[in-house]
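Student: please work out how this folds:
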Amino acid sequence: MLLTQSARSVSALLTRWRLFASLSSLPLPLSNSSSAAAPACAETVWTVPLQEHPWYDHVRLKRVFVTDGTRHQVVLVDVRKLLACADRDNTDYVLKPVAEWHSGKARGIREFLDPENPRIPQMPYVTISTRRAPGLLGWFGLEREGVVAFRNGQHRARYLADAGARWFPVEVHEREATLLRELCGAADDARTVIRATPLNTGGV
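Tutor: Predicted structure coming up:
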């Protein structure tokens, strides 16, 4: 009789455990998720000055990934360093200089980036990796170089460089953010030049 009661107790415990496990694996309601709880006004706009652009003297850029808890980061980059790394991309998607674009493409990007437009363009979205550098040190594994690939925004990045932008923000996955800062990061004074403003303020 004692054995039978023990077996029943074990069976009851297993049943309760299965019920608890099935309940704990259910997805949480969207109202409790951090992305749903994030306020819409939390979006930020970066103002990037242009030094050599007769049509307007700045552009506005916003993030690609805006939900709370995103695994992407905004990094201020040096334009020349970024494009030097991008020119090493071997995926056959490296654009020609802006001067070689047909007039319609250049005009379209210029109008797209115009700060008078109500729609704010997204900043470029990139990935970065390293490879063995050419030359003797590279062959011995002592020197590596950065390679940037654009997931989105290569036209606007090259247009901004041509328009005289020295620095601008890009978005990158958090696991690559440190490497991007090391190889393409902007100078410290870039933070005093490029303004980041909450979207819901009157100054944007």
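
Student: please make it C-alpha for all contacts and neighbour counts, starting now.
Tutor: Will do.

Student: helices of this structure, start to end?
Tutor: Secondary structure of the chain (DSSP state H): helices at 2-24, 34-37, 79-86, 103-113, 136-139, 154-162, 174-184, 190-193.

Student: average pLDDT across the first one?
Tutor: Over the span of helix 2-24, the pLDDT mean works out to 43.

Student: residues contacting stretch 54-68, please?
Tutor: Contacts to stretch 54-68, defined as CA atoms under 8 Å, 6 or more residues apart in numbering, come from residues 34-35, 38, 43-51, 72, 74, 113-115, 120-123, 125, 169, 171.

Student: and the pLDDT for the residue nearest to the spatial centre of the chain?
Tutor: In the chain, the residue lying closest to the centroid (CA atoms, centre = their mean) is E171, at 1.8 Å. On the pLDDT scale, E171 is placed at 97.

Student: please renumber the chain so that the first residue is 41 from this point on.
Tutor: In the new numbering, first residue 41, that becomes E211.

Student: could I get the contacting residues of it?
Tutor: By CA under 8 Å, 6+ apart, the neighbours of E211 are R103, V104, H112, Q113, V114, V115, M163, P164, Y165, V166.

Student: narrow the contacts of stretch 94-108 to those that are buried.
Tutor: 83-91, 112, 114, 153-155, 160-163, 165, 209, 211 (16 or more other CA atoms under 10 Å).
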